[in-house]
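>>> Sharing a model that was predicted from the sequence below.
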Amino acid sequence: MKKIIFSLFVMLFCIANIKAQDFNKRMFDEKKQTDMMIGNCTRDGILSCEFVSNYNEEYPAYQPKEIVVDSIKALISTIKCVIILGTWCGDSKEQVPRFLKILDILKIPMSDITFICVDREKSAPGMNVKEKYLLEKVPTFIFYRKDGEIGRIIETPKTTLEQDVLNILKIK
């Protein structure tokens, strides 16, 4: 019995390691002579590269409007979000930390968020990011309700991130 339990444990550990390899891949950025994240990533993965210096600056500095964030709380419960970014991209370095701050204030679980990092051509190996998401610019924040897209923020918000999120979530 102990051997079976141990074998199951080893098998689960191996499966978890194989699955983990699908996330947080790095690719060398010739232009900046540094690594960039590519493909499916986690928040921790994104913060393990050069991106973290901008995050450490933007995240604490951004102060979203409380009244708008409070309005979002009532609408956000059934929402999923895909964030497509470039860890090399100036707009991503500015907007993604700000967006994450809003998510943290709202206590949105990271399991409701999908991070996809792209290269300078806005692609990722083995993923049809441009076609699947009709990607034009990064960052792009895509909001889904019941597997249907309800809106997106492309590159920079029209007003503020939180107000743009609220405007999207108000769509029925």
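Thanks, I have it.

>>> from here on, contacts and neighbour counts on C-alpha atoms
OK.

>>> how about low-confidence regions in this structure?
Along the chain, segments meeting pLDDT under 70 span 1-21.

>>> Go ahead and flag the most central residue of the chain.
Centrality entry for the chain: nearest residue to the mean C-alpha point is residue 115, 3.1 Å, by C-alpha atoms, centre = their mean.

>>> Pretty sure residue 153 sits in a strand.
Yes - according to DSSP: H, G, I helix; E, B strand; the rest coil, residue 153 belongs to a strand.

>>> In contact with it: list those residues for me.
Contacts for residue 153 were tallied using C-alpha atoms under 8 Å, 6 or more residues apart in numbering; they are 140, 141, 142, 164, 165.

>>> the helices in the protein, which residues?
With DSSP state H, the ranges of helices along the chain come out as 2-20, 43-46, 51-61, 66-73, 90-106, 129-133, 161-169.

>>> need the ones you listed in TSV with mean neighbour count and distance to residue 28, can you?
Compiled in TSV, those are given as follows (neighbours: other C-alpha atoms under 10 Å; distance: least, C-alpha to C-alpha, whole Å):
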stretch	mean neighbour count	distance to residue 28
helix 2-20	11	20
helix 43-46	16	14
helix 51-61	16	14
helix 66-73	15	37
helix 90-106	20	17
helix 129-133	13	19
helix 161-169	20	30
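
>>> of these, which approaches residue 33 most closely?
Across those, residue 33 has its closest neighbour in helix 51-61 (13.8 Å, C-alpha to C-alpha).

>>> related to what we said a few turns ago, how about the helices of the chain in TSV, adding distance to residue 81?
Below are these laid out as TSV (distance: least, C-alpha to C-alpha, whole Å):
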stretch	distance to residue 81
helix 2-20	21
helix 43-46	13
helix 51-61	19
helix 66-73	14
helix 90-106	10
helix 129-133	12
helix 161-169	11
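
>>> Now for residue 22, how many residues are close by?
As a burial measure, residue 22 scores 11 neighbours (other C-alpha atoms under 10 Å).

>>> Tabulate the CA atom coordinates of stretch 143-160 in CSV.
The C-alpha coordinates for stretch 143-160 follow below in CSV (Å, rounded to 0.1, in the frame of the first residue of the first chain):
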residue,chain,number,x,y,z
PHE,A,143,-13.0,40.9,-20.5
TYR,A,144,-15.2,37.8,-20.7
ARG,A,145,-18.6,37.0,-19.2
LYS,A,146,-19.8,33.4,-19.7
ASP,A,147,-17.1,32.8,-22.3
GLY,A,148,-18.2,35.7,-24.5
GLU,A,149,-16.0,38.8,-24.9
ILE,A,150,-17.7,41.9,-23.5
GLY,A,151,-15.0,44.4,-24.1
ARG,A,152,-11.3,45.3,-24.1
ILE,A,153,-8.8,48.0,-23.2
ILE,A,154,-6.1,48.3,-25.9
GLU,A,155,-2.7,49.8,-25.1
THR,A,156,-3.9,52.7,-22.9
PRO,A,157,-7.2,53.5,-21.3
LYS,A,158,-9.6,56.0,-22.8
THR,A,159,-10.2,57.6,-19.4
THR,A,160,-8.6,55.7,-16.5
